[in-house]
Structure formats: structure tokens, C-alpha cells
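>>> build me a structure from this.
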Amino acid sequence: MTSRIRTGPRLLATAALSLCAACAVGPDYRAPAADAAAVPLNWHARLPHDGSLASLAQWWRQFDDPLLSELVDSAEAHHPSIDAAIASVRAARAGVIAARGGLLPSVNADASLTRSSGAGDTSGTKSPPFTLVNGALDASWELDLFGGARRDLEASHARLQAAQADWNEARVSLAAEVADAYVERRYCERLLLLYRDTLQSRRETERLTTLKLKAGFVSPADEAQARAGSYDSENQLIAQEGICQQDLNRLAQLSSIPAAQLEARLTASAPVPAPAADEAKVAVHSGIPMPQDPAVPSVPAVILSQRPDLQSAERSLAAASAGIGVAVASRLPAFSLSGSIGINHLVHADGNVRSWSWGPSFSLPVFDGGAGHARVETAYAQYDQALAQYHGKVLVAVQEVEDALTRVDASVRRANAAREAERNYTILLDSQENRYKLGETSLLELEDSRRLALASRESLAAVQLEISESWIALYKAAGGGWNDATATPPSSPSAPGDHAAAPTSQAGAGA
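Take a look at the predicted model:
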């Protein structure tokens, strides 16, 4: 009967400790719902293909340009921004391991060896030297009764997931930047071809004008005008060559491929533009890579959920929420168990001295000058800051998607008009060149036709560049099609996805 009376309080205490261990102070986290005022039910801009769903994960294949895909892969493998993002993931992963260690006991071993000599007695006789060997094993375990360590682990998991999302964001941004640089280079090459053709044509006009001057059919002013046109075209060509070199340098920096090697690759793989009169091919073989129109989701939430910057912001918000629990727990009592085992051995002496101890300890913050309360207030303020940053990123994301869709729609609708203008101005130029050779028109009229044709070709190339760049902008705005389900950093384990829910007030902090 006595045994049953003594066992009852023990069971009651054990149950109480288990109940405390199952709870965690601070608010439980819930991911914030998208702001209805910020995210529209439908995109205001027109959607290509009526908004049918499609993944962007293999989006670069839409360009049908192996070199572009290779450059994107090379940049991802070697660019410092990706290395920095991977290092951040490694640091966050180490933070998870450290936080997990806070839930486990700690054990320390100590050992020492001391050689000493005793002092002499009153007769002047000194005791012989002796060697003392000490060994001890200490263990301690702070019980996570109020969940502070668990909240810290929760925050560490969220920070790891945020770092993984930042890695995805670095990949998306870098890929878009490489693609932009690549199409800019191809656009520059297209202009070089146009300017070289123009220079060749103007030099031919100059040659014919010189022959006409010798025959007395034109004035010296006509020859001067023809020669000036040649020099003007040469100047334009030289300036464009400098721009192309700058584009090459930028692409080499992004891809980590030496400029000379990259230039050879670009030259070998450069597409040959179709003749201007071939309307069916000019849009595809202009020298500027353009994707087949990829479809995009019609529901904003589907697009925004792919954006790694929003994923990172949401995970940072979760970490801030868990940080409130850590701050609240630091103001509550702390219970720990500790124990030690030690042995002292005197060399050349009989026997050892053994010692041991164990027991619980309790600490309670009594007065800290308001520091504990300030930590809790700081944690709530950091959560509010993270929430505001998240909503701000949502607003930016919606704007970027709308802007990209607007650019795609406008550039695609401009393309047909630009092609028609270029085709007709080319017909006019061909006609004027034939008439000039027959002496039926003046050099001034011919040069006017040439300038119009050149301007139309540049305009068409610019529209084709805009189409490519607008799709690249949409790719980036839509999050690139990469998410945690399809990609993780090298050697990065998938972080736990258990989410808790958002704090709404300090009253939710718990006691």
C-alpha cells in the first residue's frame, strides 16, 4: 500500500512533464494568404494561347538554340553568385544541425595529469614527488519544457528553406541575364550584317557615281554625296563592332567561358538570316533566337507560387514567427539535469578516489531590466517587418508579370507590321537601285530609299529582339519554373516542410 502511495506522485509528475514537453510557447505559424487587393483574379494583360497551363522548367528548349542552353548551364556551374547561394544553403543546413543539438544532452570529458612535489616538514625533510591523474565525465540536459529549442529548430528549418529558395532565385536571375546577353549579341550580329550590306551597297553606288562623273552625267556634288554615304556607313559599322565586343565580354563574364573561345562558338553556330523577301522565314531565321510561344498559367496564384523570391520571403516570415517563441521561452523557468563521474588516481599509491554527483537544477529570470520583454517585442517587430516585406514582394511580382505579359503582347502584335514594312521598303530600294543604274532617278532619291530600307530592317530586328526579351522577362517574372519539388542545391537535403501558423497578436505568445 505504501508503494502505491509513493508511486502516485511520481506518475503525476511524469505526466505533467510530458504535457509541458508537448507544448511550445509562441504563436503557431500559418502561411499568409495572398492579398486579394494585390493579386487580381485575372491578368489585365492579354495571355498568349489564352492562358493554357504549361511548365517552364525546360523553357530554354523553346529557343531551339543548343548554344544558349549550353551557356545557361555553364553559367550555373561556374558563376560566383551561384557559389555564394550554395554556400548560404550549407550555412543554413549547419544551423539546422546546431539547433537540433539543442534538444539533446551534452556530454564533456575532462582529463588531467599533474606532477608535483610536496613542501618540506619542520625537520627540513621534503616529501617525494608524486603524479596525480584525474578523469571526469560530465553530462547535462536542459529540458525543453516550453518549446524554446523546438521553436529554434523550426526557425532553422525555415531559414534553410529560404536559402534553398534564394539559390533557385539566383539560378533564375542568372539564366535570364545570360539569355538577355545572348539575344543582345545575336541582335548585334544581325545589325552588323545589315551595316555591312549597306556599306557594300554604298561603295558600289560611289563607284558607279564616279564613273558617271567621268562620263559627265552627274556633278562633283553627287560624287561627294556618294563618298560621304560610304564613310557614314563605315563609321556606323565600326561603332556597331564595338558594341558587339562589349556584348561578347558580358556574355563571357556570365558564362565563365573565355571570350576568344566563346566568339568562335558564336561564329560557328550563327544562324544565317533569310532573304528579306522570304516573309515566311524572316521571323524565324533573322539571326535573333526567339522561342515558340510558351503558354503561361491564367491563375495568378499558380504563377506566383513558382517565384523563388516569394518562397524565400514566406520562409523568412516563418522563421520570424518561430523566433517569437524562442524569445518568449527565454523569459520562462529553465529546468536541467546534470551529473558527473570522476576518478583521481595517485601513481604508485594504492587505490583510487572515485566521485559522482547528479541532480536537477532550476533557474528563473527574476530581474533583467526589461531585456527579456524587449527581446519579445523585437521578435514581434521582426515578424511584422517580414510580413510587410512579403506583401511588398507580392505587389512587385504581380507588376512584373503584368509588365512582361504586356511586353509580349505588344511585341508580337508589332512583328507583323514590322515585317510588312521591311518587305515593302526592300522592294522600293530594289526598284530605285535599278532605276538609278538606268539613269531614271537621282542619287538623292536612291539614298533616301536606302535609309528607309535600312531603318525598316533595324526596326524589324529590334522588334524580334523585343519579342525574345519580353519572353525572357516573363520567364523570370513567372519564377522560371523551378521550385523545391524539382530542384535542390548540390548535396542539399530537402528541408522539412512542416509549417506552423502566423502570429496575429502578442496575446498569442502564450505564457
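>>> nearest residue to the residue positioned nearest the centre of the chain other than its sequence neighbours?
Central residue of the chain (C-alpha atoms, centre = their mean): Glu169, 1.9 Å from the mean position. Residue nearest to Glu169 in three dimensions, not counting chain neighbours: Pro308, with 4.0 Å by C-beta to C-beta, 6 or more residues apart in numbering. Every residue, glycine included, has its C-beta placed from N, CA and C.
>>> I'd like the next helix or strand past the helix or strand where Ala417 lies.
Per DSSP states H and E: Ala417 is located in helix 371-437. Downstream of helix 371-437, the next assigned helix or strand under DSSP H and E is helix 443-477.
>>> neighbouring strands - and their directions - for the helix or strand that contains Trp141?
In this assignment (DSSP H and E), Trp141 forms part of strand 130-143. Strands flanking strand 130-143 in the sheet, each with its direction: strand 106-116 (antiparallel), strand 334-346 (antiparallel) (DSSP bridges).
>>> could you pull out the buried residues of the longest one?
By neighbour count, and taking 16 or more other C-beta atoms under 10 Å as the criterion, the buried residues in strand 334-346 are 334-335, 338.
>>> for Leu446, state which of those residues is nearest.
Ala334 (92.0 Å; C-beta to C-beta).
>>> partners of that closest one in the sheet?
With DSSP bridges applied, Ala334 shows beta-bridge pairing to Ser363.
>>> now it: how far from Val366?
Per C-beta to C-beta, to the nearest Å, Ala334 is found 13 Å from Val366.
>>> what does Gly287 give?
Using C-beta to C-beta, Gly287 is found at 77 Å from Val366.
>>> low-confidence stretches in the stretch 301-450 of the chain?
Within the stretch 301-450 of the chain, the ranges that satisfy pLDDT under 70 run 301-303, 347-351.
>>> by contact count, what packs against the helix or strand containing Glu204?
Per DSSP H and E, Glu204 falls inside helix 148-215. Judged by 3 or more C-beta pairs under 8 Å, 6 or more residues apart in numbering; DSSP states H and E, helix 148-215 is in contact with helix 66-78, helix 80-101, helix 220-255, helix 308-329, helix 371-437, helix 443-477.
>>> any chance of a markdown table for the ones you listed, columns distance to Gly26?
Shown next, in a markdown table, are those (distance: least, C-beta to C-beta, whole Å):
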| stretch | distance to Gly26 |
| --- | --- |
| helix 66-78 | 39 |
| helix 80-101 | 15 |
| helix 220-255 | 44 |
| helix 308-329 | 2 |
| helix 371-437 | 8 |
| helix 443-477 | 35 |
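>>> tell me which of those is the most buried.
Sort the helices and strands packed on helix 148-215 by mean neighbour count, taking mean count of other C-beta atoms under 10 Å, and helix 308-329 sits at the top with a mean of 25.
>>> by contact count, what packs against that one?
Helices and strands touching helix 308-329, as assessed by 3+ C-beta pairs under 8 Å, 6+ apart, comprise helix 148-215, helix 371-437.
>>> got the angle for the last one vs helix 443-477?
Regarding helix 371-437 and helix 443-477, their directions subtend 150 degrees when assessed with axes from the mean of the first three to the mean of the last three C-alpha atoms, to 10 degrees.
>>> and helix 371-437, how far out from the chain middle?
Helix 371-437 has its C-alpha centroid displaced from the chain centroid by 18 Å (C-alpha atoms, centre = their mean, to the nearest Å).
>>> the longest one now?
Its chain's C-alpha centre lies 18 Å from the corresponding centre of helix 148-215 when counted by C-alpha atoms, centre = their mean.
>>> show me what counts as buried in the strand holding Trp141.
So strand 130-143, judged by 16+ other C-beta under 10 Å, has buried residues 136, 142.
>>> so which of the strands paired with strand 130-143 gets nearest Gln236?
Gln236 sits nearest to strand 106-116 of all those, at 73.7 Å, using C-beta to C-beta.
>>> what's that closest one in contact with?
Strand 106-116 is contacted from outside by 129-141, using C-beta atoms under 8 Å, 6 or more residues apart in numbering.
>>> pLDDT for those - can I get that in a markdown table?
Listed next are the contacts of strand 106-116 as a markdown table, based on pLDDT from 0 to 100:
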| residue | pLDDT |
| --- | --- |
| Pro129 | 76 |
| Phe130 | 72 |
| Thr131 | 79 |
| Leu132 | 78 |
| Val133 | 82 |
| Asn134 | 84 |
| Gly135 | 85 |
| Ala136 | 88 |
| Leu137 | 88 |
| Asp138 | 89 |
| Ala139 | 90 |
| Ser140 | 90 |
| Trp141 | 90 |
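>>> now the strands paired with strand 130-143 as CSV including distance to Ala24?
Formatted as CSV, these follow (distance: least, C-beta to C-beta, whole Å):
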stretch, distance to Ala24
strand 106-116, 21
strand 334-346, 15
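>>> of all those strands, which one is nearest Leu438?
Going by C-beta to C-beta, the one of the strands paired with strand 130-143 nearest Leu438 is strand 106-116, 98.5 Å.
>>> CA atoms only for the closest one, dumped as CSV, please.
Extracted C-alpha coordinates of strand 106-116, given in CSV (Å, rounded to 0.1, in the frame of the first residue of the first chain):
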residue,chain,number,x,y,z
SER,A,106,25.6,17.4,-23.9
VAL,A,107,28.5,15.3,-22.6
ASN,A,108,32.0,16.5,-21.8
ALA,A,109,35.1,14.5,-20.8
ASP,A,110,38.0,16.0,-18.8
ALA,A,111,41.4,14.5,-18.0
SER,A,112,44.5,15.9,-16.4
LEU,A,113,47.9,14.7,-15.3
THR,A,114,49.7,16.6,-12.6
ARG,A,115,53.3,16.1,-11.4
SER,A,116,54.2,18.0,-8.2
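>>> give me the distance from it to the chain's centre.
Centroid separation for strand 106-116 versus its chain: 49 Å, with C-alpha atoms, centre = their mean.
>>> show me what counts as buried in it.
Quick answer for strand 106-116: no buried residues (16+ other C-beta under 10 Å).
>>> any idea how far Ile288 lies from Ala270?
Ile288 sits 11 Å away from Ala270, going by C-beta to C-beta.
>>> also Pro128?
Distance from Pro128 to Ala270, by C-beta to C-beta: 92 Å.
>>> who has more neighbours out of the two?
It is Ala270, of Pro128 and Ala270, that has more neighbours when counted by other C-beta atoms under 10 Å, with 15 against 7.
>>> what comes into contact with stretch 433-450?
198, 201-202, 205, 208-209, 217-218, 222, 225-226, 229, 425, 428-429, 431-432.
>>> surely Ile341 is in contact with Ala136?
Yes - the pair Ile341 / Ala136 is scored as a contact, 6.8 Å apart, by C-beta atoms under 8 Å.
>>> just for the stretch 101-250 of the chain, where's the confidence low?
Counting by pLDDT under 70, the stretch 101-250 of the chain shows low-confidence ranges at 118-127.
>>> nearest spatial neighbour of Leu262, chain-adjacent residues omitted?
Nearest one to Leu262, counting by C-beta to C-beta, 6+ apart, is Ala252 at 5.1 Å.
>>> give the contact list for the one you found.
Contacts for Ala252 (C-beta under 8 Å, 6+ apart) come out as 258-259, 262.
>>> most surrounded residue in the residues you listed?
Leu262 (20 neighbours).
>>> that one and Leu248 touch, don't they?
Yes - applying C-beta under 8 Å as the test, Leu262 and Leu248 come out as touching, 6.5 Å apart.
>>> and Ile341, what does it touch?
Counting by C-beta under 8 Å, 6+ apart, Ile341 touches 136-137, 354-356.
>>> what of Val178?
Applying C-beta under 8 Å, 6+ apart to Val178 gives the contacts 68, 71-72, 75, 251, 254-255.
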